[in-house]
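> I would like the atomic coordinates for the input below:
(one chain, ligands or ions: 1)
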Amino acid sequence: MDIKIRRVSAADLDAVTEVEASCFPEAEAAAKASFEQRIKTFPESFFVAEIAGKIIGFINGCISNETTICDELFSDATLHVPNGDYQTIFGLDVILDYRNQGIAAQLMNHLIEVSRLAGRKGVILTCKEKLIRYYSKFGFENKGVSSSGHGGAEWYDMILKF
Ligand SMILES: CC(C)(COP(=O)(O)OP(=O)(O)OC[C@H]1O[C@@H](n2cnc3c(N)ncnc32)[C@H](O)[C@@H]1OP(=O)(O)O)[C@@H](O)C(=O)NCCC(=O)NCCS
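This is a model prediction of the structure:
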């Protein structure tokens with residue numbers, strides 16, 4: 001399988017919105033308007049995975065000086081700090097047909113490497129309990145239950161310190 005990981009472009013808006021809707025329940029999925037804002041605001045930390053021209057997954061997140069993600073960050077692109085300390089991960093998605101082949105891991109390793117090269121202090125994310133073990137494999141530490149109530153679910157704060 002020839003997977004290409006590349007920076008997002010404005011033309012990818014519909015495709016990433018569709019991938020998100022197929023990966024998350026409606027209450028948790030980011031809307032098209034939100035992706036439009038993210039693509040405009042931090043394209044340098046928004047990457048898509050493509051096979052034969054089809055987007056099958058992506059990873060994205062703004063930059064922050066905080067060590068945990070608060071809910072406001074998801075909806076307010078003005079909170080993005082281009083020269084900040086921590087790369088956040090707002091979303092990691094891979095469509096069902098392509099899961100368990102390491103594509104999310106490739107996207108994670110790509111963003112981690114880009115963050116390292118940019119001189120960040122680390123990467124932060126929130127995840128559900130079932131994925132704590134998965135993110136630990138990349139070196140993330142669990143900081144416990146997050147203050148985020150995104151989509152009415154319970155989330156955990158994870159941090160990877162460089
Ligand atoms: C999580 C997700 C991105 C993984 O994509 P992927 O390309 O299949 O990931 P990889 O092939 O790198 O790794 C698969 C791993 O994810 C784990 N995983 C995926 N979904 C899981 C779940 N619901 N519960 C527990 N583990 C899960 C698998 O057990 C596997 O672990 P292993 O490496 O120990 O075998 C994909 O399942 C997805 O898009 N899910 C829906 C959206 C989501 O929950 N995103 C994460 C938001 S924090």
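
> Can you read off the pLDDT for Ile132?
You'll see Ile132 listed with a pLDDT of 98.

> same question, Leu73
So Leu73 comes in at 87 (pLDDT).

> part of a helix, is it?
Yes - Leu73: assigned to a helix according to DSSP: H, G, I helix; E, B strand; the rest coil.

> can you list the residues of this protein near the ligand?
Residues of the chain lying near the ligand by CB under 6 Å from any ligand atom: 23-24, 92-94, 99-105, 127, 130-131, 134. (Glycine included, C-beta is placed from N, CA and C.)

> can you do 8 Å?
Residues of the chain found near the ligand (CB under 8 Å from any ligand atom) are 23-24, 57, 89, 91-96, 98-108, 125-128, 130-131, 133-135, 137.

> burial of Phe90, as a residue count?
21 (other CB atoms under 10 Å).

> quick one on the thing from earlier: in helices, which of the residues of the chain next to the ligand appear?
Among those, the members falling in helices (DSSP state H) are Cys23, Ile103, Ala104, Ala105, Gln106, Leu107, Met108, Arg133, Tyr134, Tyr135.
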